[in-house]
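Student: Build me a structure from this.
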Amino acid sequence: MKHITIHQWFVMASLLLLGPLLRLLPRLAAQEAGHAAWLAGLAALPLLIVYAVFLAKLWGSQPEGTGLPELTLTLLGERSGKGVLLLYAGYLVFYGGFILRSGAARLVVGIYPQASALPFVWSMGLLCLVAALGSVRSLGRCAKLLLPLVGGILLLTLSLAFQGVERENLVPVTIRDLPALLRASLPVLDVVGLGLFLPQFFLGCVEKRGALLPRYLRWLGVQTGLVTLLIFTVVGNFGAALVTQFTHPFFTLVRNLVLFRSFERMEALVINCWVFPDFLLVSLCVYAAQYCLRLALGEQPRDDSGSRLDVRGKRWLVFPCAAACLLLGSTLGSDFIRLRALSDRVVPALNLTLCYLTLPLLLGGEKIRKRLGKKER
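Tutor: Prediction:
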């Protein structure tokens with residue numbers, strides 16, 4: 001098995017959340033909290049810290065080589081654990097298909113308004129299939145190369161737009177805004193929590209992971225700071241009422257920057273850069289889905305270091321997983337209204353449930369299983 005370092009693991013976590021970050025924020029936060037939306041990241045931080053402490057304690061008691069799929073079998077036993085692995089695989093395939101569709105819709109809305117989404121879905125899906133046939137280590141290296149590019153463009157854009165922030169778009173913020181801020185923290189919990197949850201499928205691939213809590217807390221500090229800067233800059237430039245009307249507020253901000261407007265089609269280049277987070281996210285979903293299926297079918301899918309066309313050990317399951325993603329990407333959200341409903345309500349609700357309830361429910365299921373085992377004796 002080709003392992004990845006803990007640094008590569010966190011880089012993967014950082015890159016994969018950049019797509020959902022710009023899809024949901026700051027629009028959903030502004031819908032809930034208005035001009036106070038820029039504080040949504042800080043409102044979400046206490047629960048995120050509790051979640052990080054829980055994860056650090058949980059993984060600190062597990063041996064290296066254990067990821068979420070292996071932990072599920074350990075906690076629930078063979079029969080129940082394999083059933084949950086099938087549910088994981090279904091979720092990963094669905095989410096991968098949704099990301100294919102939403103990424104294609106972003107390109108259509110932002111650059112190619114007369115085009116169909118299907119060519120973008122299929123071209124990206126086939127590239128992700130090739131990536132998922134490789135190793136986790138290759139995906140980790142890919143993330144390490146791409147994060148400086150995509151993150152650099154994001155920070156450059158926000159820094160250039162900072163001078164356009166208007167104070168009256170952000171204040172006053174009073175104690176009366178607290179209930180709205182708590183509601184606005186939900187999309188932040190979704191995005192950042194997903195960045196912590198999805199990489200747990202690959203934690204078994206990390207060598208010498210060491211103490212996780214300090215790394216979790218540093219990572220959370222960076223991500224909540226980025227969320228705060230993003231919402232502060234976009235809402236500060238446009239105002240909350242206008243932000244809620246935009247499909248992709250960040251890319252609208254790019255389009256309105258004076259420096260970028262001096263270069264022809266600069267906004268198209270920036271929008272196209274966001275295919276990289278989508279590429280990594282869908283590739284990881286396909287890889288993790290086939291891994292869960294192989295484990296549920298009794299394989300020990302540890303060695304992915306061979307040829308991409310080596311299908312021994314039921315590695316051929318990557319093909320139906322990728323095909324299911326492509327099918328869902330081609331059919332989900334057949335129009336803008338349905339896709340917006342999926343993006344704003346269905347997918348975040350599903351992600352929040354999985355991110356914050358999966359592991360506590362697994363631990364509860366383990367206790368119930370042990371009690372039933374004692375009674376049978």
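Student: So which helix or strand of this structure has the lowest pLDDT on average?
Tutor: Lowest on mean pLDDT, DSSP states H and E among the helices and strands of the chain sits helix 258-261, with a mean of 58.
Student: which helices and strands sit right next to the helix or strand residue 69 falls within?
Tutor: Residue 69 belongs to helix 68-110 when elements are defined using DSSP states H and E. Judged by 3 or more Cβ pairs under 8 Å, 6 or more residues apart in numbering; DSSP states H and E, helix 68-110 is in contact with helix 18-24, helix 118-132, helix 266-273, helix 275-296, helix 318-331, helix 336-341, helix 347-376. C-betas here are computed from N, CA, C, even on glycine.
Student: Can you convert these into CSV and add a column each for mean pLDDT and mean neighbour count?
Tutor: Converted to CSV, the helices and strands packed on helix 68-110 look like this (pLDDT from 0 to 100; neighbours: other Cβ atoms under 10 Å):
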stretch, mean pLDDT, mean neighbour count
helix 18-24, 91, 23
helix 118-132, 93, 19
helix 266-273, 79, 17
helix 275-296, 94, 26
helix 318-331, 94, 20
helix 336-341, 86, 13
helix 347-376, 79, 14
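Student: Nearest to residue 70, out of the ones you listed?
Tutor: Of all those, helix 275-296 sits nearest to residue 70, with 7.4 Å by Cβ to Cβ.
Student: For the closest one, what is the distance to the chain centroid?
Tutor: Taking Cα atoms, centre = their mean, to the nearest Å, one finds helix 275-296 lying 12 Å from the centre of the chain it belongs to.
Student: Which secondary structure elements does that helix sit against?
Tutor: Short answer (3+ Cβ pairs under 8 Å, 6+ apart): helix 275-296 packs on helix 6-16, helix 18-24, helix 68-110, helix 118-132, helix 136-161, helix 318-331.
Student: so residue 3 touches residue 207, yeah?
Tutor: Yes - at 4.1 Å, residue 3 counts as touching residue 207 under the criterion of Cβ atoms under 8 Å.
Student: okay, those two: which has more neighbours?
Tutor: residue 3 (17 against 13; other Cβ atoms under 10 Å).
Student: where does the more buried one land on pLDDT?
Tutor: Residue 3 is assigned 82 on the pLDDT scale.
Student: I'd like to know how far it sits from residue 131.
Tutor: 18 Å (Cβ to Cβ, to the nearest Å).
Student: Please, which helix or strand holds the closest residue to residue 348 other than its chain neighbours?
Tutor: Once flanking residues are discounted, residue 348 sits nearest to residue 190: 4.5 Å by Cβ to Cβ, 6 or more residues apart in numbering. Counting by DSSP H and E, the element that carries residue 190 is helix 178-197.
Student: I'd like to check the angle between the helix or strand that comes right after that helix and helix 136-161, please.
Tutor: Sequence-wise, the next helix or strand downstream of helix 178-197 (DSSP H and E) is helix 213-238. Here the directions of helix 213-238 and helix 136-161 differ by 40 degrees (axes from the mean of the first three to the mean of the last three Cα atoms, to 10 degrees).
Student: Show me what helix 213-238 is packed up against.
Tutor: helix 6-16, helix 18-24, helix 27-33, helix 40-60, helix 136-161, helix 178-197, helix 249-256.
Student: one more time with 10 Å, if that's ok
Tutor: helix 6-16, helix 18-24, helix 27-33, helix 40-60, helix 136-161, helix 178-197, helix 240-243, helix 249-256 (3 or more Cβ pairs under 10 Å, 6 or more residues apart in numbering; DSSP states H and E).
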